[in-house]
Structure formats: structure tokens, C-alpha cells
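Peer 1: Here is a sequence together with a model predicted from it:
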Amino acid sequence: MSKKILVKKVAGSVIAGILTGLLYYFVYVVLLPIIFSKIFPGTEVLETPTLWLLAFMLFTCLGLANSLLREHPISLPLRLLSKVLGALIVLTLLNFGVVKGEVVMEGAIVEYSMDLSLPLYTLILFSMLMFP
């Protein structure tokens, strides 16, 4: 195999890996929390730029490693690791599906707490099955 073809193959794998990492980042850190907070308006999304940056670097590195090691048997566990870490990040951002708040009714403050973990787990499972 010539060097030119090898360089093109590696460059293509690097680009595909970065795009895959960006796709995972978009789905798990941006899209799923927005969808869940729109479905259940009382849901508070944890806004931590440090977690977002860490998730961005993590997904990009895992996507890059998965793309470069596509022929190797370790690529399947790397893909699974990306999905599991994505699910953990979504759960962390959405407080594991527990919604808490206060409502003022006729001068009295009513506190509420709802466990919406089942719809959240369903949404995460759907995203794990739908995205490669």
C-alpha cells in the first residue's frame, strides 16, 4: 500500500472519528436534555460548562479512537463505552430524573418533587438503540 493511500485512509478515519464524537456530544449533551426539558417543563438542566467541555473532549477522543481502531476487536467496547458514558452524562445533567420545585398557591408555598426517571431511561434507551 502506498503512503499516499495510507495517509488518505488515516485522515478519513480521523475526520470520521471526530464527526462521530461530535454526533455523540450533540445527542447526549445537547439534544436529549433539551427534549426532556421540553416534554417536562419543570425539569431543571444542570448547566456546568466544565462538564460540557469534559464531555466534548471525551466523546471526541472516544470517537477518534473507535474510528482509528475500526478493524480491531476493541472498537465495539469503545462504542459501548461512548453510549454508557453519554447516558451517565444525560442522567447527571437532568438530576437523574428527579424534578423539584415550588408553586405559590393562594399565599401558600407548595413544594413538589416528581420522579421522572422512567421516561428519562426510556428516552436514553431509545437514543442508544437509534444512534450507531
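Peer 2: On my side now, so go ahead.

Peer 1: Does anything pack onto the helix ranked longest in the chain? Which helices or strands?
Peer 2: Ranked by residue count, the top helix of the chain under DSSP state H comes out as helix 3-25. In terms of contacts (3 or more C-beta pairs under 8 Å, 6 or more residues apart in numbering; DSSP states H and E), helix 3-25 is packed against helix 49-68, helix 75-93. Backbone N, C-alpha and C define where each C-beta goes, glycine included.

Peer 1: Just the buried positions in the first one, please.
Peer 2: To tie it back to what came earlier, the one meant is helix 49-68. Residues Ala55, Phe56, Leu58, Phe59, Thr60, Leu62, Gly63, Leu64, Ala65, Asn66, Ser67, Leu68 are the ones in helix 49-68 that count as buried (16 or more other C-beta atoms under 10 Å).

Peer 1: Ok, stretch 27-41 next?
Peer 2: For stretch 27-41, the neighbour count (16+ other C-beta under 10 Å) marks Val27, Tyr28, Val29, Leu32, Pro33, Phe36, Ser37 as buried.
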